[in-house]
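Asks: how would this look folded up:
(one chain, ligands or ions: 1)
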Amino acid sequence: MTAVTFTETGPGRRGDSFLSVQDLHVSFSTEDGVVKAVDGLSFEVEKGTTLGIVGESGSGKSVTNLAILGLHNSEHAEIGGEIWFEDQELVGASRGTLERLRGNRIAMIFQDPLTALSPFHTIGRQIGEVYRKHKGTSKREARDRAIEMLERVGIPNAKVRVDDYPHHFSGGMRQRVMIAMALVCDPALVIADEPTTALDVTVQAQILDLLKDLQDQMGTSIILITHDLGVVAQTAHNVLVMYAGRAVERGTVREVLGTPRHPYTWGLLSSVPRLGSSVDVPLKPVRGTPPSLLNPPPGCRFHPRCDYRNLVGPDLCSTEQPELSPERGHGDACYLTLQQKQEIHTQLMEGR
Ligand code: SF4
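Replies: Okay, here's the model as predicted:
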């Protein structure tokens, strides 16, 4: 399987990869001012791999993915930078181009299928409509395709259940229906936004396994948006950690979860239980709250919550914004030296 690579590329350059996001900026006008939801984000994804994007609410992870789907057609949003998908630049693309891509080459799986599926139509009709719209097939062919997809995602007795309505299904089965609908046109990219958050742990594991199996069969790339590092560890090849609209760490799952370098990533990892650690060891959530994106802190946006800024020269963290480095591979946006990062991480691990 091809690995996902990340590069820092400037605006104007078209990446060679399958999906290339370059210097993305997304802001919204509100009554209180301009919210800078994403501020200078770059990453690339190659075919057939999963990129996990993690961060707290308001970190910009969902907005990034809505931008890939064409959010900028909203009159309240402003978007800058470039998003290259296959041979198409999406930031400057027309509404018609985006509509042809959405549901066809790029599909979305939402957290709550009940809000994404219409309660008034059978699931067969809803899955089939997506197929007919993009492939121009007959109703009969679309229905056959819907049954085929329901079988692929493990819905028993698909030939009968195709005529059921969403409320006839359990939460886990509804999420399988959503996955069938997302994959019906054989998309190249699936964006899954917290796809298992509403499910219990057993069903969550089944859905993640299903996504992995379908990815292996169909070669689909997946962007998995989640706040759950366990889901990332189980599913993703690579990770992008976002904080307050910016990337603060990126790398393979092994690098970012095994030898994390950014204080925010340490905080995320300290706030979840570790397999094998004593139950007496308390979890340590990141102190404080995420900043307002109406008026984000100057310098490193994490500095008001960071316990290590005193190790960096006076005022640097609160005045100068650190950039993600190096250009490729495991990178982070923090002024601590690599040696300091390694020593602090070792101490944190010994304390758990
Ligand atoms: Fe903390 Fe400074 Fe690193 Fe930001 S740059 S994470 S404030 S040490």
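Asks: so where does Gln339 fall, helix or strand?
Replies: Using DSSP states H and E, Gln339 sits in helix 338-350.
Asks: and stretch 19-38, what's buried?
Replies: 19-28, 35-38 (16 or more other C-beta atoms under 10 Å). Placement of C-beta: from N, CA and C, glycine included.
Asks: mind checking which of the residues you listed land in strands?
Replies: Counted as lying in strands by DSSP state E, out of these, are 19-28, 35-38.
Asks: which strands and helices sit next to the helix or strand in which Leu211 is found?
Replies: Assessed by DSSP H and E, Leu211 sits inside helix 201-218. Secondary-structure packing of helix 201-218 (3 or more C-beta pairs under 8 Å, 6 or more residues apart in numbering; DSSP states H and E): helix 171-183, strand 221-226, helix 229-235.
Asks: quick check: buried residues in that helix?
Replies: By neighbour count with 16+ other C-beta under 10 Å, helix 201-218 contains the buried residues 203-204, 206-208, 210-211, 214-215.
Asks: can you put those in JSON lines and add distance to the ligand and pLDDT?
Replies: Output for the buried residues of helix 201-218, formatted as JSON lines (distance: C-beta to the nearest ligand atom, whole Å; pLDDT from 0 to 100):
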{"residue": "Val203", "distance to the ligand": "37", "pLDDT": "82"}
{"residue": "Gln204", "distance to the ligand": "31", "pLDDT": "84"}
{"residue": "Gln206", "distance to the ligand": "37", "pLDDT": "84"}
{"residue": "Ile207", "distance to the ligand": "34", "pLDDT": "86"}
{"residue": "Leu208", "distance to the ligand": "31", "pLDDT": "88"}
{"residue": "Leu210", "distance to the ligand": "37", "pLDDT": "86"}
{"residue": "Leu211", "distance to the ligand": "32", "pLDDT": "88"}
{"residue": "Leu214", "distance to the ligand": "37", "pLDDT": "86"}
{"residue": "Gln215", "distance to the ligand": "33", "pLDDT": "91"}
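Asks: hmm, back to that, let me know the closest of the ones in strands among the buried residues of stretch 19-38 to the ligand.
Replies: Ranked by distance to the ligand (C-beta to the nearest ligand atom), those are led by Lys36 at 17.8 Å.
Asks: dump the residue contacts of the residue nearest to the closest one when sequence neighbours are not counted.
Replies: Nearest non-adjacent residue to Lys36, counting by C-beta to C-beta, 6 or more residues apart in numbering: Ser27, 4.9 Å away. By C-beta atoms under 8 Å, 6 or more residues apart in numbering, the residues touching Ser27 are 34-37, 77-78.
Asks: from the residues you listed, which are also near the ligand?
Replies: The subset of the contacts of Ser27 within reach of the ligand, by C-beta under 6 Å from any ligand atom, is empty.
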